[in-house]
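J.: Okay, predicted coordinates and the sequence, questions at the end:
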Amino acid sequence: KAGVTQTPRYLIKTRGQQVTLSCSPISGHRSVSWYQQTPGQGLQFLFEYFSETQRNKGNFPGRFSGRQFSNSRSEMNVSTLELGDSALYLCASREMGLAGDEQYFGPGTRLTVT
Amino acid sequence: AQTVTQSQPEMSVQEAETVTLSCTYDTSESDYYLFWYKQPPSRQMILVIRQEAYKQQNATENRFSVNFQKAAKSFSLKISDSQLGDAAMYFCAYRSQSQFYFGTGTSLTVIP
């Protein structure tokens, strides 16, 4: 099976703009989670989608949003970008979304906000 | 609140030697899972090992094993016979049904 794919891999945006990142999970996986990775904060959980519904949400402002489509592909949107949003955004998929399921990560999208 | 702490930002080990990475966590839940993930310089995060909280037996995967001390809320990773390919950032993670917390990572260097 193909792994988790994320597009684009690199992105440069200006403060105030908005951005949309895309994630395609492993075929058959219904759970998609998003994480923000920064050198100082490590990995922080953004949200999880399961069968097109947001199931869990981390502690991020409303500028961060997401959605999942019927084919399990997911998008994450960040509006009104701030310099602090510069990070590696990782997407991960799980088959059924159970706590013990193995989670498969994508390569990430490197977002730079200038 | 659940937190995961990795107190060693950097570690190094001689090739073929053994190294132990530390992780502690805080939780009031009884049903959860603990994980160690490896992130090589290429950035693709991969699962190293997984431990169910209800299992007393420590998980083992080839050269990787854990020391799970539930009462102490400690979950360390032991890498035996270290190889150059083990060089990476290692993240400890806690997962319950609703949340997934990562530690800040330990950067492991393997010295030839």
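T.: In hand now; what should we look at?

J.: can you map out the strands along the chain?
T.: Chain wasn't specified; assuming chain A. Along chain A, the stretches classed as strands by DSSP state E are A:5-7, A:10-13, A:19-24, A:31-38, A:42-50, A:53-57, A:64-68, A:74-78, A:87-94, A:104-105, A:109-113.

J.: nope, chain B
T.: Assignment of strands within chain B using DSSP E yields the ranges B:3-5, B:10-14, B:19-21, B:24-26, B:33-39, B:46-52, B:60-61, B:64-69, B:74-79, B:88-95, B:100-102, B:106-111.

J.: Buried residues in stretch A:28-36, which are they?
T.: Using 16 or more other Cβ atoms under 10 Å in any protein chain shown as the burial criterion, the residues of stretch A:28-36 that qualify are A:His29, A:Arg30, A:Ser31, A:Val32, A:Ser33, A:Trp34, A:Tyr35, A:Gln36. Yep, even glycine has a C-beta here, placed from its N, CA and C like the rest.

J.: Over to stretch B:76-95?
T.: B:76-79, B:82, B:86-95.

J.: So which of the buried residues of stretch A:28-36 would count as near chain B as well?
T.: Filtering the buried residues of stretch A:28-36 for proximity to chain B by Cβ under 8 Å from any Cβ of the partner chain leaves A:Ser33, A:Tyr35.

J.: Any idea which residue is closest to the centre of chain A?
T.: Nearest residue to the geometric centre of chain A (Cα atoms, centre = their mean): A:Trp34, 3.1 Å.

J.: if I pick B:Leu77, what's in contact with it?
T.: B:Thr20, B:Leu21, B:Cys23, B:Trp36, B:Val48, B:Ile49, B:Phe64, B:Ser65, B:Val66, B:Tyr90, B:Cys92 (Cβ atoms under 8 Å, 6 or more residues apart in numbering or on different chains).

J.: Please list only the buried members of the residues you listed.
T.: Those of the contacts of B:Leu77 that meet the buried threshold are B:Leu21, B:Cys23, B:Trp36, B:Val48, B:Ile49, B:Phe64, B:Ser65, B:Val66, B:Tyr90, B:Cys92, by 16+ other Cβ under 10 Å.

J.: hang on, the fourth one packs against B:Trp36?
T.: Read it as B:Val48. Yes - with contact defined as Cβ atoms under 8 Å, B:Val48 counts as touching B:Trp36 (4.3 Å).

J.: Mutual contacts of those two, please.
T.: The contact sets of B:Val48 and B:Trp36 overlap at B:Phe64, B:Leu77, B:Tyr90 (Cβ under 8 Å, 6+ apart).
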